[in-house]
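Visitor: Model the structure of this input:
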Amino acid sequence: MNRAAEDAVKEATPVFITAVKEIKFEDAKTILLGNDSAATEYLTSKTQAALYQKFQPVIKNSFSKVGADKIWSNLIQKYNSLPFTKSVNTDLTDYVTTEALKGVYKMIAVEETEIRTKVSSRSTDLLRRVFAIQD
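Guide: Model prediction:
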């Protein structure tokens, strides 16, 4: 599962670049003056659907090669039929794609928090100038 997610993450860079290039003045203002996760929230809203579309086939292909998707589906169908259990998604590709995206946005959120709260994390002149406004 981790290998499939790692393979998919390689597809993310162009999607993020497009989202950043499309930032409008109001978006930038909201990000700058917003909460500690404003940039992450912006990126999530602008990239999640596109990233899912990029990640899903890569992950699906990885699982199909080894038959993991079929094994997961059979196992989870049996698990879901047990009483007193919380139902689990039987679509392994969807599950891993969704979890991989959560991981990507979690990493972005951690980095954003660091940039907003620690001067030493502002590694470029632009970051230092932009976030000096808030200090």
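Visitor: Please determine how far A28 is located from Q56.
Guide: The gap separating A28 from Q56 is 30 Å, by CB to CB, to the nearest Å. Heads up, the C-betas are built off the backbone N, CA and C, glycines and all.
Visitor: which residue ranges form the helices in this protein?
Guide: Under the criterion DSSP state H, the chain contains helices at 2-9, 12-21, 25-33, 38-66, 68-80, 92-117, 125-132.
Visitor: Quick one: low-confidence residue ranges for the protein.
Guide: 1, 4-5, 133-135 (pLDDT under 70).
Visitor: Tell me which residues touch E111, please.
Guide: By CB atoms under 8 Å, 6 or more residues apart in numbering, E111 lies in contact with S121.
Visitor: State the distance from it to F63.
Guide: 29 Å.
Visitor: for A19, same thing?
Guide: Distance check for A19 against F63: by CB to CB, it reads 27 Å.
Visitor: now L126
Guide: For L126 relative to F63 (CB to CB), the value is 40 Å.
Visitor: That concludes my questions; thank you for your assistance.
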